[in-house]
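Novice: what's the 3D shape of this:
(one chain, ligands or ions: 1)
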Amino acid sequence: MKLVIAGSRPLSGVVKVAGAKNAALKIMAASLLAGGVCRLSNVPRITDVDTMLGVLRGLGARVDVRPDGSTMSIDPSGVDRCEPPEELVKEMRASIQVMGPLLARLGYVRARQPGGCNIGPRPIDLHLKGFAALGAKITEERGYVSVRAEKLKGAEILLDIPSVGATENIMMAACLAEGTTVIRNAAREPEIVDQQNFLNRLGARIRGAGTDTIRIEGVKSLGATDYAVIPDRIEAGTFMVACAMTGGVARIENVIVEHVQALIAKLREAGAEVVEGDSYVVVRGPRRLRAVSIRTLPYPGFPTDMQPQFVAAMSVACGTSIVTETIFPNRFRYTEELRRMGANVRVEGRVAIVQGVMALSGAHVEAPDLRGGAALILGALVSEGTTEIAGVHHVDRGYEDLPGKLVKLGAAIERVTASERQVG
Ligand code: EPZ
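Specialist: All right, here's what the predicted structure looks like:
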């Protein structure tokens, strides 16, 4: 599957943002803790959600997805296996987010160590340290990790780094522990607040998500609930950048404006106009953006998941931008492909130096990962000529039809299978 994109058209119109991938995947995992059937809505229709459905079913949960694809009911009562399907853990790192719930529910979980991925090694040492602090026994052998605990006991845990996944996995395990758990230096992402809200609706007693200290008072058991996932701030940010860099004007709806403040500040600094509504933003791009520099940081700093898209915008801005990636050691792979499109970007370790050019030019490129793929699509929008992008499956993991939504904003994008291309 490829995308064929004819460039240099300003975007305009209205686009609705879907539910947050990085909230939905964890809330689906957290539903394993429930004492009954949970109905989730506003779940994004993306392939990572399909993978997580496979994980839950593989563990013995019953999952029914409504025809609209974004409402589902999850019944964990039949969960009797304590090992997420290995091939799915390999495919999607977020599968390890079922470890906390399985440890709490069954007292044992075994999983394949998730491999690194295209943005760098993705260890889970902080997750395991948290489980051990709660009294679990960890054994690691031949690439697998087993975690066992007769009874989890509340503990004080300080995370070496504010890891999103570790914060969430520990929070889930601690819900049914005996006594109180305190997580210090916790990640503060909005998706963690969403998970706290879901768990509290099940009857958990958690306070402090969104700050760097989260307190969980263990309870004996949890109930069930219906729950709507928050909107995806990274999808929203992707459309905001797309509009700003193509000199267009668009209204992006279903946005929690509070969640995209770091991006709004940077887009304004770069010369875009951003109007903040109560649940939408309107972005108007200038004729040409000014180069601004960014440094990715844990929330509420500039999100690493917006770094590639922002570099694509800076590649046609006026001036030089310095982009520092402090979260992942290897999140610039997509810049090789941007260079093939004429971008002048040089990477030195964790820093990319981007010298803006007037326009990129169409090329045949390949998406290396999810957000890198989004960056190449945005680059193609401001290219002269036609760009072909392979590896679209990466983009479909985390965006609900990004190409289709961009077409609705006026972009010229065709999704073609490799065979069609040969004919064409
Ligand atoms: C979540 O990944 C997101 N994924 C990522 O989004 C996001 O980039 C990341 O948080 C940071 O915001 C999901 O929520 C499914 P971390 P996660 O644990 O939890 C190191 C996207 O594009 N680390 O906060 O895996 C780790 O290697 C994806 O939607 C350890 O060293 O991120 C990384 O360098 C990409 N040991 C840093 O911490 C650990 O035990 C941050 O990782 C855990 C993490």
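
Novice: Show me what residue of this structure gets nearest to the ligand.
Specialist: residue 165 (2.8 Å; Cβ to the nearest ligand atom). In short, each C-beta sits where N, CA and C put it, glycine included.

Novice: Spell out which parts of the stretch 101-250 of the chain neighbour the ligand.
Specialist: Neighbours of the ligand within the stretch 101-250 of the chain, by Cβ under 6 Å from any ligand atom: 122, 123, 124, 125, 126, 127, 161, 163, 164, 165, 166, 187.

Novice: wait, what's in contact with the fifth one?
Specialist: In this structure, residue 126 makes contact with 159, 160, 161, 163, 166, judged by Cβ atoms under 8 Å, 6 or more residues apart in numbering.

Novice: And it, its phi and psi?
Specialist: Note on residue 126: its backbone torsions stand at phi -70, psi -30 [degrees, to the nearest 10].

Novice: now the last one
Specialist: Its backbone dihedrals place residue 187 at phi -70, psi 150, with angles given as degrees, to the nearest 10.

Novice: That one against residue 171, yeah?
Specialist: No - at 10.1 Å, residue 187 does not count as touching residue 171 under the criterion of Cβ atoms under 8 Å.

Novice: Give the residue from these two that has the larger number of neighbours.
Specialist: residue 171 (26 against 22; other Cβ atoms under 10 Å).

Novice: so what pLDDT did the more buried one get?
Specialist: What the model reports as pLDDT for residue 171 is 98.

Novice: Can you tell me how far it is from residue 356?
Specialist: Per Cβ to Cβ, to the nearest Å, residue 171 is found 42 Å from residue 356.

Novice: how about the residues of the stretch 251-400 of the chain that lie near the ligand?
Specialist: 304, 305, 327, 328, 370, 371, 398.

Novice: please redo it, this time with the cut-off set to 8 Å
Specialist: By Cβ under 8 Å from any ligand atom, the residues of the stretch 251-400 of the chain that approach the ligand are 298, 299, 303, 304, 305, 327, 328, 329, 369, 370, 371, 398.

Novice: my guess is the fifth one meets residue 232, correct?
Specialist: No - proximity of residue 305 to residue 232 does not meet the contact threshold set by Cβ under 8 Å, at 9.9 Å.

Novice: more crowded one of these two?
Specialist: residue 232 (29 against 24).

Novice: Tell me which residues touch that one, please.
Specialist: Contacts of residue 232 by Cβ under 8 Å, 6+ apart are 17, 18, 19, 20, 21, 22, 23, 44.

Novice: Just the buried ones from the residues you listed, in ChimeraX syntax?
Specialist: Per 16 or more other Cβ atoms under 10 Å, the buried members of those correspond to this ChimeraX selection:
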select :17,18,19,20,21,22,23,44
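
Novice: can you put the contacts of residue 232 in TSV and add pLDDT and secondary structure?
Specialist: Putting the contacts of residue 232 into TSV (pLDDT from 0 to 100; DSSP: H, G, I helix; E, B strand; the rest coil) gives the following:
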residue	pLDDT	secondary structure
17	98	coil
18	98	coil
19	98	strand
20	98	coil
21	98	helix
22	98	helix
23	98	helix
44	98	coil
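
Novice: got the domain boundaries for the chain?
Specialist: 2-18+231-416, 21-228 (automatic domain parsing).

Novice: got a list of what the nearest residue to residue 211 once chain neighbours are set aside touches?
Specialist: Distance criterion Cβ to Cβ, 6 or more residues apart in numbering; nearest residue to residue 211, sequence neighbours excluded, is residue 188 at 6.3 Å. Residue 188 makes contacts with 162, 210, 211, 212, 298, 299, 300, as judged by Cβ under 8 Å, 6+ apart.

Novice: hmm, which of these are the buried ones?
Specialist: The buried subset of the contacts of residue 188 - by 16+ other Cβ under 10 Å - is 162, 210, 298, 299.

Novice: So in this protein, where's the weakest helix or strand by average pLDDT?
Specialist: helix 418-423 (a mean of 57; mean pLDDT, DSSP states H and E).

Novice: Tell me the first helix or strand C-terminal of the helix or strand containing the residue of the chain closest to the ligand.
Specialist: If you go by DSSP states H and E, residue 165 is part of helix 164-174. Using DSSP H and E, the helix or strand that directly follows helix 164-174 along the chain is strand 180-184.
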